[in-house]
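Engineer: Dropping a prediction and its sequence here:
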Amino acid sequence: MKSVAVFLILITLSGCGHPSQRFVPVGEGGMALDTKTGQQCFSLPKKELTDPGNFPYCYDLYKDSN
């Protein structure tokens, strides 16, 4: 019984080996969904002279959360 509990704890801590992706592309045009905050963001680099509209850059969301 103790070995089963240890096994379940190890599975929980390892996340079952499934890596998670923080920013998931949605549609076209450089938009992504931040899976940590649930907020849409603009994923293209800032050096590309593109107006992100009312959306933040994904990099800024990532930088602010760490």
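Structural biologist: Done, it's in.

Engineer: Would you agree residue 62 falls within a helix?
Structural biologist: Yes: looking at residue 62 with DSSP: H, G, I helix; E, B strand; the rest coil, it is inside a helix.

Engineer: Can you give me the pLDDT of it?
Structural biologist: Residue 62 is assigned a predicted lDDT (pLDDT) of 92.

Engineer: What segments of the chain are helices?
Structural biologist: 2-14, 58-65 (DSSP state H).

Engineer: Out of those helices, which gets the lowest mean score?
Structural biologist: Lowest mean pLDDT within those: helix 2-14, at a mean of 53.

Engineer: List the contacts of residue 26.
Structural biologist: Applying C-beta atoms under 8 Å, 6 or more residues apart in numbering, we find residue 26 in contact with 32, 33, 40. Glycine gets a C-beta too; all of them are placed from N, C-alpha and C.

Engineer: which residues sit in contact with the first one?
Structural biologist: With contacts taken as C-beta under 8 Å, 6+ apart, residue 32 has the following neighbours: 23, 24, 25, 26, 40, 41, 42, 43, 58.

Engineer: so how far is residue 47 from residue 61?
Structural biologist: Distance of residue 61 to residue 47, computed by C-beta to C-beta, to the nearest Å: 18 Å.

Engineer: more crowded one of these two?
Structural biologist: A direct count of neighbours by other C-beta atoms under 10 Å for residue 61 and residue 47 places residue 61 higher, at 20 against 6.

Engineer: May I ask you to confirm that residue 62 is in contact with residue 37?
Structural biologist: No: counting by C-beta atoms under 8 Å, residue 62 sits too far from residue 37 to count as a contact (10.0 Å).

Engineer: Kindly supply the PyMOL command isolating those of the contacts of residue 32 that are buried.
Structural biologist: To isolate the buried ones among the contacts of residue 32 in PyMOL, judged by 16 or more other C-beta atoms under 10 Å, type:
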select buried, resi 23+40+41+42+43+58
